[in-house]
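Q: the sequence and its predicted three-dimensional model are supplied below.
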Amino acid sequence: MADTLSALNCQVPEFSAAMTGDKEFHLSNYAGKNLVIYFYPKDNTPGCTTESIAFRDLYPQFESANTEIFGISRDSLRSHEGFKKKLDLPFELISDPDETLCLLFNVMKMKNMYGKQARGIERSTFVIDSTGKLVKEWRGVKVAGHVDEVLEFVSAKT
């Protein structure tokens, strides 16, 4: 597997990871579908909650656009299961405690947290098309209006 994804319109290398529902994510299982993969800093924080609810509320429209959604953070599966249940999310959350996927997608950044430097996930969203190519990325995402923009993009692809 490559250290990081290098460019748009390149094939995403096969990867797998543990996800909620006692399932294992394998990229190859989703051939023929578009994937929205959103990285977020932490379960149960205001921005991450708002973003996840927005994806939840528009999930039927994403399904209509032949698109599956997956959220990824470094939180444990146990934390993800609670977050998913609390928000009634219709899609799975992927746990990446060792930062394998964070590094693959190059979302780890130094951030200022309360005046101190801390390493964390930069809120980012990626679209992988039905052939497994990375076709769109948003980095340094601001939550307001973002999910609508992602839906607009995937809807235009179908």
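A: Ah, there it is.

Q: helix or strand next in line after the helix or strand of the chain with the lowest mean pLDDT, which one?
A: Confidence across the helices and strands of the chain bottoms out at strand 108-113, with a mean of 83, counting by mean pLDDT, DSSP states H and E. Scanning forward in sequence from strand 108-113 by DSSP states H and E, the next helix or strand is strand 116-121.

Q: so what's the residue nearest the centre of the chain closest to, chain neighbours aside?
A: In the chain, the residue lying closest to the centroid (Cα atoms, centre = their mean) is residue 38, at 2.0 Å. Nearest residue to residue 38 in three dimensions, chain neighbours excluded: residue 125, at 4.4 Å (Cβ to Cβ, 6 or more residues apart in numbering). In this view, the C-beta of every residue, glycine as well, is placed from N, C-alpha and C.

Q: ramachandran angles for residue 131?
A: Dihedral pair for residue 131: phi -100, psi 0, per degrees, to the nearest 10.

Q: can you tell me which residues contact it?
A: 11, 31 (Cβ atoms under 8 Å, 6 or more residues apart in numbering).

Q: circling back: quick check: the residue nearest to residue 38 vs residue 17, distance?
A: 17 Å (Cβ to Cβ, to the nearest Å).

Q: so for those two, which residue has more residues nearby?
A: residue 125 (25 against 18; other Cβ atoms under 10 Å).

Q: pretty sure the more buried one contacts residue 52?
A: No. Residue 125 lies out of contact with residue 52 (Cβ atoms under 8 Å); the separation is 12.0 Å.

Q: count the neighbours of residue 11 for me.
A: Residue 11 has 12 nearby residues by other Cβ under 10 Å.

Q: which non-adjacent residue is nearest residue 75?
A: residue 43 (4.6 Å).

Q: right, I'll leave it there.
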